[in-house]
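[1] Quick one: sequence and predicted model below, then my questions.
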Amino acid sequence: MKQKKGMELVTERTVDGFRRELLRREYSHGTAESYVRSIRAFARWSGGAVDRGLVLTWKARLTARYAPATVNAMLAGLNRFFDFAGRPECRVKVLRLQRRSFREAERELDRGEYRALVRTARTLGRERLALVMETICATGIRVGEVPFITVEAACRGRTDVALKGKVRTIFLPDRLCRRLLQYARKQKIASGEIFLTGGGKRLSR
């Protein structure tokens, strides 16, 4: 899409077109909406003006306020939008992230802390939350992959997670499968996703 001189760059039309293009390229809805939020945030800050100098200034302001990974996610959305809108000269480099060869111990839960969290959830009557935590910790799935935990998966002892064009198989321990099926029966869920809201909708992150 070539941008005509003098034409406003960030409009509802261009943003909607960008969102549709991302979805056409099989980006997730979450990623598409995240990119759109970044574009609109920049447009509000810049007053609608767009040039590389402004983008660099915005990058510096973001760097002073947010973690590097957050800054890079916002810049990624903006860079892709500039390509889409025919303004690649406005692209800026993302921050370089230093790879860690180990995880910080203070950011990991030990077994005692994990059990305390699950026990507290159950004490408060939040059975679904307790089982979600058990499932994540027992399988290593991400929060966004919880919808792949279905009644059928619990019966098979495995689930196939398909995201961004990739598929990987996650095995579910027998004890977890029993807990999941017991919970599903209690909630009168005969098939499909196990973790739903009281109204039968998918849980949000």
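    Received, thanks. Values in this document were obtained by computation on a predicted structure and should not be read as measured data.

[2] Please name the nearest non-neighbouring residue to residue 135.
    residue 149 (5.8 Å; Cβ to Cβ, 6 or more residues apart in numbering). Heads up, the C-betas are built off the backbone N, CA and C, glycines and all.

[3] for that neighbour, what are its contacts?
    135, 141, 159, 172, 180, 193-195 (Cβ atoms under 8 Å, 6 or more residues apart in numbering).

[4] Identify, from these, the entry nearest to residue 128.
    residue 195 (6.3 Å; Cβ to Cβ).

[5] Does the closest one touch residue 146 like I think?
    Yes - taking Cβ atoms under 8 Å as the definition, residue 195 is a contact partner of residue 146 at 5.6 Å.

[6] shared neighbours, those two?
    Residues touching both residue 195 and residue 146 by Cβ under 8 Å, 6+ apart: 132, 203.

[7] Could you chop the protein up by domain?
    12-90, 105-186 (automatic domain parsing).

[8] where does this protein dip in pLDDT?
    Applying pLDDT under 70 to the chain flags the ranges 1-8, 98-109, 205.

[9] Show me the strands in it, by range?
    For the chain, strands defined by DSSP state E occupy the ranges 158-163, 166-171.

[10] Present these as a markdown table; the columns should include distance to residue 200 and mean neighbour count.
    Shown next, in a markdown table, are these (distance: least, Cβ to Cβ, whole Å; neighbours: other Cβ atoms under 10 Å):
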| stretch | distance to residue 200 | mean neighbour count |
| --- | --- | --- |
| strand 158-163 | 20 | 14 |
| strand 166-171 | 24 | 11 |
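
[11] can you list those in a markdown table and add distance to residue 123?
    A markdown table is the format used below for the strands of the chain (distance: least, Cβ to Cβ, whole Å):
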| stretch | distance to residue 123 |
| --- | --- |
| strand 158-163 | 29 |
| strand 166-171 | 29 |
